[in-house]
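>>> Provided below for reference: sequence and predicted model.
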Amino acid sequence: MKSLTPEVIRAITPMFMATIGAVIGVAVLVSPKITDAKWSAGLGLAGTAIAGAAGLAQTSKNEPDFSVSKQGDNLKVETPSSEQADGH
């Protein structure tokens, strides 16, 4: 399968996990004669799968949060927020 590149896998994985969580949640809700403990555990598992999918769906940056450079005897720290403040 040449079409399964890392980018495609990263895009499909959250959708797959959310779908599994939704299926578990619906199955728990429509199951007859289910105990309170199983109902609670099933909905907890469904919620965890959906929350995991939401976490995986967030974009991530590959750039550092800060950089440190030495200027003479002083250290200069640059953060993304300080760079934006300098531009205004």
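Structure's in. What do you need? Numbers count the residues shown, from 1 in each chain.
>>> For residue 16, which three-state class applies?
helix (DSSP: H, G, I helix; E, B strand; the rest coil).
>>> now swap in the one 5 residues further on and tell me
When the structure is reduced to helix, strand and coil (three-state DSSP), residue 21 reads as helix.
>>> so what's it up against?
45, 46, 47, 48, 49, 50, 52, 53 (CB atoms under 8 Å, 6 or more residues apart in numbering). Where you see a C-beta, it was placed from the backbone N, CA and C, and this is true even at glycine.
>>> what does residue 37 give?
Here residue 37 is in contact with no residue (CB under 8 Å, 6+ apart).
>>> Check for me that it belongs to a helix.
Yes: the assignment for residue 37 is a helix, going by three-state DSSP.
>>> Kindly reformat the contacts of residue 21 as TSV containing neighbour count, secondary structure and distance to residue 59.
Listed next are these as TSV, based on neighbours: other CB atoms under 10 Å; DSSP: H, G, I helix; E, B strand; the rest coil; distance: CB to CB, whole Å:
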residue	neighbour count	secondary structure	distance to residue 59
45	15	helix	26
46	21	helix	25
47	13	helix	23
48	13	helix	22
49	20	helix	20
50	19	helix	18
52	16	helix	16
53	19	helix	14
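>>> I'd like to know how many residues surround residue 24.
Look at residue 24: counted by other CB atoms under 10 Å, it has 19 neighbours.
>>> let me fix that: residue 19
Quick note: residue 19 (other CB under 10 Å) scores 13 neighbours.
>>> one step back: and which of the contacts of residue 21 is nearest residue 17?
residue 53 (3.8 Å; CB to CB).
>>> So that closest one versus residue 21, what's the distance?
Separation of residue 53 from residue 21 (CB to CB, to the nearest Å) stands at 7 Å.
>>> ok, back up a step: using TSV, lay out the contacts of residue 21 together with pLDDT and distance to residue 27.
Compiled in TSV, the contacts of residue 21 are given as follows (pLDDT from 0 to 100; distance: CB to CB, whole Å):
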residue	pLDDT	distance to residue 27
45	95	10
46	95	9
47	95	14
48	95	15
49	94	12
50	94	14
52	92	18
53	93	17
